[in-house]
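> have a look; sequence and predicted model below, questions after that.
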Amino acid sequence: MRKIFLVFLCSCIANTLFAQTWTELGTGSNALHPNNSIMSIAIDHSGKVYAAGSFTNDKGYNIVSKWDGVSWGALGVLENIVPTGRNCLAVDSVDNVYVTYRGSMTPNMLMKWNGTNWSYFGPTNSLGTIGPIAVDKNQHLYANRYMQYMDNPHYFAIDKGYAPGNWGLLGYVPVSNFSFAITGFCMAFYTTPTVITIDPSGNVYAGGAFTNNVSDTSRLNPAPLLRVVKWDGMKWSVLNEGQEDLGTIQDLAADQSGNIYAASNSSGRYYVAKWDGTTWAELGTGSNVLNANNGVWTLAVDKSGNVYAAGNFTNADGLRYVAKWDGNSWSELGTGTGSLAANNIIYDVTTDDAGNVYAAGSFTNSSGKSYVAKWSNDETLGVQSKSAAQVVPFYPNPSDGYSQIRVSEDVELTVYSSLGEPIKTMYVHAGTSSIDLTYLTEGLYMLVCRGETTINYAPIKFIKE
């Protein structure tokens with residue numbers, strides 16, 4: 001009978017693994033190995049990571065890939081279609097996955113993965129959904145789409161969907177196919193928004209560099225550039241009206257208090273702006289500004305209110321990086337041997353419920369392959385020092401492959417190799433749980449449990465008989 005013996009190792013291994021650094025999500029045979037850029041990433045509530053872009057499988061079909069905590073795998077096959085790019089991927093509150101795509105024979109559309117297969121989600125009466133998309137806590141989808149108004153077929157508007165056949169434009173009343181009567185609460189754009197985001201109260205925001213005249217209820221004529229607009233459930237409003245031009249908005253993000261952050265790119269000036277409900281202001285002043293030397297493409301906000309920004313801007317070494325705003329100043333997330341050191345554009349950055357940060361784009365590893373990078377952000381867990389980490393009860397020893405672990409709160413449990421590479425991540429509830437270890441080969445490992453208030457660990461050795 002095969003046994004697995006668990007022997008506690010010296011705490012110096014823990015010190016190595018607790019060092020904060022960027023790591024590739026999946027290595028060796030478990031790596032993603034895409035043949036092109038990763039444009040969009042999303043995370044579900046169990047910690048699974050999804051990636052989409054222009055990469056394909058070995059048959060040349062585009063795929064959405066899923067990281068299950070151990071390895072990457074294709075989420076079905078999207079034959080003859082290509083995900084539309086940045087902000088094209090979303091996950092709802094029950095972990096359905098949505099992606100917008102363009103097809104060789106069909107207009108751009110929206111697909112849904114229900115855990116088993118892909119299906120068309122809509123909208124059905126459009127000239128084609130083109131992204132971006134967003135989903136609220138009630139599983140309502142918001143997507144930008146082409147629409148026709150009077151004699152101009154090239155307007156864009158925000159659509160809200162509940163089901164494949166149940167979509168409606170925000171602020172419009174349909175009068176015929178592809179034609180709309182404009183109310184006083186309209187919003188249509190001459191160019192497509194680059195991003196849609198939703199705040200905790202359910203308000204919908206669209207950002208980009210588009211034109212409109214909201215006071216004109218008879219016809220949409222060219223007007224001054226808009227940058228960020230808001231739908232409050234009843235009407236649209238303009239957030240930058242009468243204020244400094246924010247330039248082209250590449251991304252938007254909302255924090256738990258409802259503040260909105262915009263990735264602003266204006267005439268050679270690249271920065272993050274914050275909307276506090278009344279005015280826009282650059283995030284950081286004096287020596288605490290971002291000082292980006294190129295485009296800010298993507299933003300994310302974690303539950304603690306830290307803001308993350310990335311794109312095409314570089315550090316002193318000429319490498320792209322993820323910048324973090326901690327409420328007082330900007331800093332590079334990871335330096336020295338722990339830095340991301342991205343050699344090309346970072347298209348997307350996001351965070352999970354545990355405060356870990358993920359980045360993806362056209363940057364590559366030593367094999368020349370794009371990848372999803374993960375920053376295990378222990379600082380967000382409230383640990384004052386690494387010495388505060390405690391050894392977690394982990395037994396029996398020996399084991400037949402299924403061991404018990406006891407934790408005082410819900411935690412994210414990650415298995416690391418002796419080199420500090422993450423092998424598998426799972427979520428464990430407070431109390432005693434059974435952990436499957438049968439997938440491990442003989443060697444030294446570390447289990448790290450990250451909770452809201454603690455970090456615990458179990459340095460272990462696996463010996464298979």
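Ah, there it is.
> can you give me the helices for the stretch 301-450 of the chain?
Ranges of helices in the stretch 301-450 of the chain, per DSSP state H, counting those that start in this stretch: none exist.
> for the stretch 151-300 of the chain, what are the low-confidence residue spans?
Residue ranges of the stretch 151-300 of the chain with pLDDT under 70: 151-159, 161-165, 171-192, 210-226, 240-244.
> could you rerun that using 80?
151-193, 209-226, 235-237, 240-245, 267 (pLDDT under 80).
> that one: strands as residue ranges?
Remark: strands assigned in the stretch 151-300 of the chain by DSSP state E, counting those that start in this stretch are 152-163, 166-169, 172-176, 179-182, 195-198, 204-211, 225-231, 236-238, 248-254, 260-266, 269-275, 280-282, 296-301.
> relative to the second one, what are the paired strands and their orientations?
Strands that pair with strand 166-169, judged by DSSP bridges, come out as strand 152-163 (antiparallel).
> try the fifth one
Applying DSSP bridges, strand 195-198 is found paired with strand 204-211 (antiparallel).
> quick one, the strand it pairs with and strand 225-231 angle?
Strand 204-211 and strand 225-231 are oriented at 160 degrees to each other (axes from the mean of the first three to the mean of the last three CA atoms, to 10 degrees).
> buried sites along strand 204-211?
Across strand 204-211, burial judged by 16 or more other CB atoms under 10 Å covers 204-210. Using the backbone N, CA and C atoms, a C-beta is placed for each residue, glycine as well.
> what's the answer for stretch 302-310, then?
Applying 16+ other CB under 10 Å to stretch 302-310 flags 302, 304, 306-310 as buried.
> mind putting these in TSV, pLDDT and distance to residue 43 included?
TSV is the format used below for the buried residues of stretch 302-310 (pLDDT from 0 to 100; distance: CB to CB, whole Å):
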residue	pLDDT	distance to residue 43
302	94	12
304	90	16
306	95	16
307	97	17
308	98	14
309	98	18
310	98	16
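> farthest-separated two in those?
Farthest-apart pair in the buried residues of stretch 302-310 is 304 and 310; separation 18.2 Å (CB to CB).
> related to what we said a few turns ago, now intersect the buried residues of stretch 302-310 with the strands, please.
307-310 (DSSP state E).
> wait, which of those residues is closest to residue 68?
Closest approach between these and residue 68, by CB to CB: residue 308, at 24.1 Å.
> and residue 289, how many neighbours?
Using other CB atoms under 10 Å, residue 289 has 14 neighbouring residues.
> same question, the one 10 residues further on
For residue 299, the neighbour count with other CB under 10 Å is 27.
> one more: residue 431?
11.
> now it: how far from residue 411?
To residue 411, residue 431 is 11 Å away according to CB to CB, to the nearest Å.
> and what of residue 249?
In terms of CB to CB, residue 249 sits 37 Å off from residue 411.
> excluding residues flanking it in the chain, which one is nearest residue 334?
residue 22 (5.2 Å; CB to CB, 6 or more residues apart in numbering).
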